[in-house]
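[1] Quick one: sequence and predicted model below, then my questions.
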Amino acid sequence: MKFFRVIRWIAWKDLASEIRSRENISSMFFFAFIVIMIFSFSFSMDLQAAKDLMPGIIWVAFGFTGIIGLGKSFWVELQNDCLENLQISPAPKGAIYLGKLISNLIFILIVELVLFPMFVIFFNLDVLDKVHLVLLIFLLGTLGFAAVGTLFSAMTVQVRAREVMLPILLLPMVVPVMIGAVEATRGALNGDPWVLYRHWLELLIVFDIVFTVVSFWAFEWILES
Amino acid sequence: MIKQMRRYESWFGAGAGICIIIGLYMGLVTSPPDYYQGEVVRIMYVHVPFANVSLLGYTVLFAGSLWYLWKGNPIVDNMSHAAAGVSAFFTAGALATGSIWAKPTWNVWWTWDARLVSFTILLLILIGYLMLRTFIEDKDKEARFAAILAIMGFVDLPIVYFSVEWWRTLHQPLSVSPRGLSISGEMLIPLIMMAVGFYLLFLYMAMVRTQMLYLEQLREAKKGRLLSQAYL
């Protein structure tokens, strides 16, 4: 299947260039680390306050980090006219979108997986029995974020003031992801019964499906030459 | 299309003026004060039309964006652009009047209620839309990107609404909904009057704005032609 081959090549290309340069992940990681530091300076947290604030802090850090990664995702394509080549290539545009989405998802998830233990250590969270739930929430939240973000990254990289436009367009759009992910993370970290926050996961799943489909369809117009 | 707009726009403007004047008179003078809220309730006659029209405006923007992607007619794009600008104005109006109404009734200027948050998100998306348009030089690209953004936002708004509603909500239920009326006739008539007036006002403003955008584009095109004639 040509379609799936394009997806695989696009994702592989991004991953390979990342493995060689390590630019994207390392800058995302250090940025997120600084965000965590700033947060711990801004709120003087005892154990209880840390528990209440932690879901929000986690997702603010992930959101900002994600924006950095997503902004770079298509910015690298500007060099050597790669974006023009993607535009004129006969490959289905939807496949290019999915390939980019997969590589973005992998980058952001890797950063999240490295950061989460740091949250646990810095803020004395007790998570050992809930790790699988938290990881599921990370995956669902990040997918929704990256689905919209990949499309907007391709869009804003073609306009002036791209560093400003990506967060301005992306953040209002992903409000449901933020609310859903924060509330679900709070439920999971508090050890609430599953029924109390199950609907947040359902919200995330609905958002993921809707926006992956819409962005997949819309990408055709974003990458038209 | 531009010609028809020029011919009929003044009718819409005049109709809007008449409806709003009558509606204001009925709302401020002849309609009774509310049993619980007293005279404060009269702000409803502007708040509800503002909110209503901003949603209508966004629906027009969504329909225009789909239409543009389908047919690629630049005038349709001008219409969407105009609808977005006017709709942003009405959304800001709805938020401002709502905030004024909230102070005496809820005792706060602002609360994180589902409808308030969704309207704020709506305003942010519209402002983002208008900003995005100013940052793209290529007309065709500008229209395409803006249309995609408008469609994404339109799909997003119901999800935003439900997510915030689950989060927390305080807003009173709608007085006029498909499930029936919970408002007396004496208050309903001025409300309808004002709503019709605001709808006409929206159409009038959108028509004028569409023509402005069209003329701007025309001027750019002419300037380009003159320049190319001068230098070739």
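    Nice, thanks for sending it over. Since we're looking at a predicted model, the values are computed, not measured.
[2] Remind me what the longest helix seen in chain B packs against, helices and strands.
    If you go by DSSP state H, chain B has its longest helix at helix B:185-231. The contact analysis (3 or more Cβ pairs under 8 Å, 6 or more residues apart in numbering or on different chains; DSSP states H and E) places helix B:185-231 against helix B:2-25, helix B:44-71, helix B:74-106. Every residue, glycine included, has its C-beta placed from N, CA and C.
[3] So which residues on chain A come close to chain B?
    Residues of chain A lying close to chain B by Cβ under 8 Å from any Cβ of the partner chain are A:148, A:151, A:155-156, A:158-161, A:165, A:168-169, A:172-173, A:175-176, A:179-180, A:183, A:199-200, A:203, A:206-207, A:210-211, A:214-215, A:218, A:221-222, A:224.
[4] could you redo the last one with a cut-off of 7 Å?
    Counting by Cβ under 7 Å from any Cβ of the partner chain, chain A comes close to chain B at A:155, A:158-161, A:165, A:168-169, A:172-173, A:175-176, A:179-180, A:199, A:203, A:207, A:210, A:214, A:218, A:221-222, A:224.
[5] which among those end up buried?
    Buried subset of these (neighbour count, 16 or more other Cβ atoms under 10 Å in any protein chain shown): A:155, A:158-159, A:165, A:168-169, A:172-173, A:175-176, A:179-180, A:203, A:207, A:210, A:214, A:218, A:221-222.
[6] Next step: those restricted to helices.
    If you go by DSSP H, those have A:155, A:165, A:168-169, A:172-173, A:175-176, A:179-180, A:203, A:207, A:210, A:214, A:218, A:221-222 in helices.
[7] give the contact list for residue B:213.
    B:78, B:81-82 (Cβ atoms under 7 Å, 6 or more residues apart in numbering or on different chains).
[8] What's the per-residue pLDDT of it here?
    We have a pLDDT of 91 for residue B:213.
[9] just residue A:110 next, same as before
    pLDDT for residue A:110: 93.
[10] Could you say which helix or strand holds it?
    Residue A:110 is located in helix A:93-122, with elements delineated by DSSP states H and E.
[11] Tell me which residues of that helix come out buried.
    A:93-112, A:115-116, A:119-120.
[12] For that helix, name the packing helices and strands.
    If you count contacts as 3 or more Cβ pairs under 7 Å, 6 or more residues apart in numbering or on different chains; DSSP states H and E, helix A:93-122 packs onto helix A:2-21, helix A:23-42, helix A:47-78, helix A:131-156, helix A:194-222.
[13] Please convert those helices to JSON lines, extending it with distance to residue B:139.
    Listed next are the helices and strands packed on helix A:93-122 as JSON lines, based on distance: least, Cβ to Cβ, whole Å:
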{"stretch": "helix A:2-21", "distance to residue B:139": "29"}
{"stretch": "helix A:23-42", "distance to residue B:139": "33"}
{"stretch": "helix A:47-78", "distance to residue B:139": "21"}
{"stretch": "helix A:131-156", "distance to residue B:139": "16"}
{"stretch": "helix A:194-222", "distance to residue B:139": "15"}
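[14] most neighbours per residue, which of these?
    Neighbour counts (mean count of other Cβ atoms under 10 Å in any protein chain shown) averaged over each of the helices and strands packed on helix A:93-122 peak at helix A:131-156, with a mean of 24.
[15] for it, what is the average pLDDT?
    Here the average pLDDT along helix A:131-156 is 93.
[16] How about stretch B:194-201?
    Computed over stretch B:194-201, the mean pLDDT rounds to 93.
[17] Return the distance of that stretch from the chain's centre.
    11 Å (Cα atoms, centre = their mean, to the nearest Å).
[18] got it, and stretch B:210-230?
    Averaged C-alpha coordinates place stretch B:210-230 at 28 Å from its chain's average position (Cα atoms, centre = their mean).
[19] Identify each buried residue in that stretch, please.
    The neighbour-count check on stretch B:210-230 (16+ other Cβ under 10 Å) flags B:210-211, B:213-214 as buried.
[20] Dump these into JSON lines; add distance to residue B:123 as well.
    Below are the buried residues of stretch B:210-230 laid out as JSON lines (distance: Cβ to Cβ, whole Å):
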{"residue": "B:210", "distance to residue B:123": "21"}
{"residue": "B:211", "distance to residue B:123": "25"}
{"residue": "B:213", "distance to residue B:123": "21"}
{"residue": "B:214", "distance to residue B:123": "26"}
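[21] what's the farthest-apart pair in the residues you listed?
    By the measure Cβ to Cβ, B:211 and B:213 form the most distant pair in the buried residues of stretch B:210-230, at 7.4 Å.
[22] What values do phi and psi take at residue B:37?
    Dihedral pair for residue B:37: phi -90, psi -10, per degrees, to the nearest 10.
[23] still on that earlier bit, residue B:88: which of the helices and strands packed on helix A:93-122 is closest?
    Nearest to residue B:88 among the helices and strands packed on helix A:93-122 is helix A:131-156; the distance by Cβ to Cβ comes to 19.5 Å.
[24] which other helices and strands contact that closest one?
    Here helix A:131-156 touches helix A:47-78, helix A:93-122, helix A:162-173, helix A:175-190, helix A:194-222, going by 3+ Cβ pairs under 7 Å, 6+ apart.
[25] For chain B, which residues are neighbours of chain A?
    Within chain B, the positions near chain A by Cβ under 7 Å from any Cβ are B:69, B:121, B:124-125, B:128, B:131-132, B:135-136, B:141, B:144-145, B:148-149, B:151-153, B:155-156, B:159-160, B:163-164, B:166-167.
[26] if I look at the closest residue to residue B:187 other than its chain neighbours, how far off is residue B:190?
    In space, and not counting its chain neighbours, residue B:187 is closest to residue B:31: 5.3 Å by Cβ to Cβ, 6 or more residues apart in numbering or on different chains. Residue B:31 sits 5 Å away from residue B:190, taking Cβ to Cβ, to the nearest Å as the criterion.
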